[in-house]
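In: What follows is a predicted structure for the sequence shown.
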Protein chains: 2
Amino acid sequence: MSTVLDEQVPEAMNWSTENCTISRIMEILGDKWTFHVLRELFVGVRRFEDIRARAGIPRQVLTERLAGLIERGLIRRHPYRLAGQRERSEYRLTTAGLDLYPVLVAMIQWGDQYLPLAAGPPIEPRHRGDCGERVTVTMHCEAGHDPAPRDVAFRPGPGAERRK
Amino acid sequence: MSTVLDEQVPEAMNWSTENCTISRIMEILGDKWTFHVLRELFVGVRRFEDIRARAGIPRQVLTERLAGLIERGLIRRHPYRLAGQRERSEYRLTTAGLDLYPVLVAMIQWGDQYLPLAAGPPIEPRHRGDCGERVTVTMHCEAGHDPAPRDVAFRPGPGAERRK
DNA sequence: TGGCTGAGTCTGTCAAGCGGACTTATCCTG
DNA sequence: CAGGATAAGTCCGCTTGACAGACTCAGCCA
């Protein structure tokens, strides 16, 4: 069933994609290996060899992705020294990196719903310390509602630019 | 400043990455073009040529990404016909696709904080209809707290597998 | 002195992305 | 009916990046 329509241009067609927030984030995160690296750091694996072996990343790619994440300010190098060994580096999330938590939690939540495993979720975000309960993300608006996905829409904001 | 430590293995090292939820999602989303396509669909741009031109995707890549998203169930083809033209296809988000809203909102929220534009956000998630207020995501745990990023940790869940 | 180890660098191969040209199907106009 | 327009692709050759596997380097230990 196809409906005959008069041309009705979606509002978004008038706005540029040049400065879109999603694009600018994708410059940083838009790559599967970067996300694998972040996952390792989020679960506490911080050393080159450990990350490489667990995530299965080619060494060269890992080197390059770590450098990119440092440059973008999501992680920092932190020297450490095991007893009887020379000093080496590990990589830790900065505050900016840690603030990606809601993104990761939202993804895991989606994955648990749409790509579930018979055995249950392999990884769970939890409130640290005494509480220990599961953590989820929800959307809510400034008027205090909790809108469902269908009730949310992306609109151009003050920084939107018209297209040429 | 580096501290001398005894070897202390992060707990995550014991768990397999094979079935990790993040990895499985990255099979679907872990690619910058896929995200660009989703952005277009989320803002209401649904036709091949419009998506291609706005996102700057090579045609071949777009064809392939749309096919992948259909196969994964995030979007569906929907025939339409403009007055005086032949029938063509457009692409729409399924419920599974729409349920990525919290992920996109979380990303935009991060981007607005760490990659801000002088002119303000170019795109804003808003509650549709009468309300119209800005939408944000927050993390909260089942005990009713709203933990900060530093107070959240990923732990192995029931589906976690030990590493070989 | 020689060996071990973590953290890389180097090298050649191969798949993927890329821009630009071409194709196809259907509609409208003359 | 011929010709032109257009959306949605496909085809082509070039270049870039991923990849596996070998090699390097620095400091520690025996």
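Out: It's in.
In: quick one: A:Phe48 and A:Ala67 touch, right?
Out: No: the pair A:Phe48 / A:Ala67 is not scored as a contact, 11.8 Å apart, by CB atoms under 8 Å. C-beta: built from backbone N, CA, C; applies to glycine.
In: In terms of helices and strands, where is the nearest residue to A:Ile75 once chain neighbours are set aside?
Out: Leaving aside its chain neighbours, A:Ile75 sits nearest to A:Leu69 (4.5 Å; criterion: CB to CB, 6 or more residues apart in numbering or on different chains). If you go by DSSP states H and E, A:Leu69 is part of helix A:59-71.
In: List the contacts of stretch A:135-150.
Out: Contact with stretch A:135-150 is made by A:102, A:105-106, A:109, A:125-127, A:152, B:98-99, B:101-102, B:105-106, B:125-128, B:131, B:133-142, B:147, B:152, as judged by CB atoms under 8 Å, 6 or more residues apart in numbering or on different chains.
In: near DNA strand C, from the residues you listed?
Out: Among the contacts of stretch A:135-150, no residue lies close to DNA strand C (CB under 7 Å from any atom of the strand).
In: Just the ones in strands from these, please.
Out: By the criterion of DSSP state E, membership of those in strands covers A:125-127, A:152, B:125-127, B:135-141, B:152.
In: Next one: A:Leu69 from A:Asp31, what distance?
Out: A:Leu69 sits at a distance of 11 Å from A:Asp31 (criterion: CB to CB, to the nearest Å).
In: ok, the two, which is more surrounded?
Out: Using other CB atoms under 10 Å in any protein chain shown, the more surrounded residue of A:Leu69 and A:Asp31 is A:Leu69, with 22 against 18.
In: For the more buried one, give me its contacts.
Out: Counting by CB under 8 Å, 6+ apart, the residues that A:Leu69 touches are A:28, A:34, A:37-38, A:75, A:91, A:97.
In: can you list the residues of chain A near DNA strand D?
Out: Chain A has residues A:31, A:33, A:56-61, A:64, A:84-87 near DNA strand D, with proximity defined as CB under 7 Å from any atom of the strand.
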